[in-house]
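Participant: quick one, what's the 3D model for this:
(one chain, ligands or ions: 1)
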Amino acid sequence: MQDEHNEDAQRDFHVTEVRVKLTDDPRNKLKAYCSVTIDQSFVVRDLKIIEGSRGPFVAMPSRKLSDHCSRCHHKNHLRASFCNHCGTRLDPDRAPRDGRGRARLHADLAHPINSATRIEVHKAVVRAYAEEVDAAQAAGESYRPKTFDDFDHLSEVVDDEYVEELERRQQGRERRRCEAAKTESSMNAAEASSQ
Ligand SMILES: [Zn+2]
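Facilitator: Sure, this is the predicted structure:
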């Protein structure tokens, strides 16, 4: 039942527009900001194209996780070593850990919940990014990055720690997919041999 419902959701979901703003500095790991429109009805901003160690990938809009100081209750980023308000030393190990014991410092604000949707978003965004890169190359000196009011205030820097966290997550997903495929094929083999 659950699967049937998911399949319907996957069929209905389309990215109908992608807007891309390339970043200026070619040494930057952050290659572009994007916004996507879903079914001509709903816009999600602040997706990012990041140059990872294994090629470019799409990062969902995210925010840094924070928690409250135990003494004054002020909100601090999980990375902070001292409370920004009262200066109390904060526990360096307070960040939640992933399955392999690595700290999770960021949370996605919007993200696909099945692989068909993930692929749809990834394909649409990477295609639009490649087109924008081509347009920039063709225009050469005369290329001007698009200006969108809503993009212009965004920082053009991503910290390496965030890129590593995203790559770990991606590797985790691939590992789980592999394991699921293996389980399925061994189940099929068992079924075949029992017939
Ligand atoms: Zn405090």
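Participant: show me what contacts the residue nearest the centre of the chain?
Facilitator: The chain has A59 as the residue nearest its centroid, 2.3 Å off, counting by C-alpha atoms, centre = their mean. Contacts for A59 (C-beta atoms under 8 Å, 6 or more residues apart in numbering) come out as 47-50, 166. Quick note: C-beta positions are derived from backbone N, CA and C, even for glycine.
Participant: between those residues, which is nearest R144?
Facilitator: I49 (18.7 Å; C-beta to C-beta).
Participant: surely the closest one and A128 touch.
Facilitator: No - look at I49 against A128 with C-beta atoms under 8 Å: they stay out of range, at 9.4 Å.
Participant: the two: who's more crowded?
Facilitator: Of the pair I49 and A128, I49 is the one with more neighbours under other C-beta atoms under 10 Å, namely 25 against 19.
Participant: pLDDT value on that one, please?
Facilitator: Looking at I49, its pLDDT is 93.
Participant: would you list the phi and psi of it?
Facilitator: I49 adopts backbone torsions of phi -100, psi 120, taken as degrees, to the nearest 10.
Participant: that one bridge partners, please.
Facilitator: A32, V58 (DSSP bridges).
Participant: about what we covered before: possible to save the contacts of A59 as CSV with distance to S185?
Facilitator: As requested, these are exported to CSV (distance: C-beta to C-beta, whole Å):
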residue, distance to S185
L47, 34
K48, 35
I49, 33
I50, 32
L166, 29
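Participant: which bits of the protein sit near the ion?
Facilitator: Neighbours of the ion within the chain, by C-beta under 5 Å from the ion: 69, 71-72, 74, 83, 85-86, 88.
Participant: quick one on the thing from earlier: quick check, nearest of the contacts of A59 to the ion?
Facilitator: Of all these, L166 has the smallest distance to the ion: 29.7 Å, by C-beta to the ion.
Participant: what is the burial count for the closest one?
Facilitator: 21.
Participant: how about it, what does it touch?
Facilitator: By C-beta under 8 Å, 6+ apart, the neighbours of L166 are 50, 52, 57, 59.
Participant: now the second one: how far from V58?
Facilitator: Yep, that's G52 we're talking about. Distance, G52 to V58, using C-beta to C-beta, to the nearest Å: 10 Å.
Participant: which of those two has more neighbours?
Facilitator: V58 (21 against 15).
Participant: confidence score at the more buried one?
Facilitator: Per-residue confidence (pLDDT) for V58: 93.
Participant: wait, doesn't it sit right on A128?
Facilitator: No - in this structure V58 lies outside contact range of A128 using C-beta under 8 Å: 10.5 Å.
Participant: what residues do these two have in common as contacts?
Facilitator: C34.
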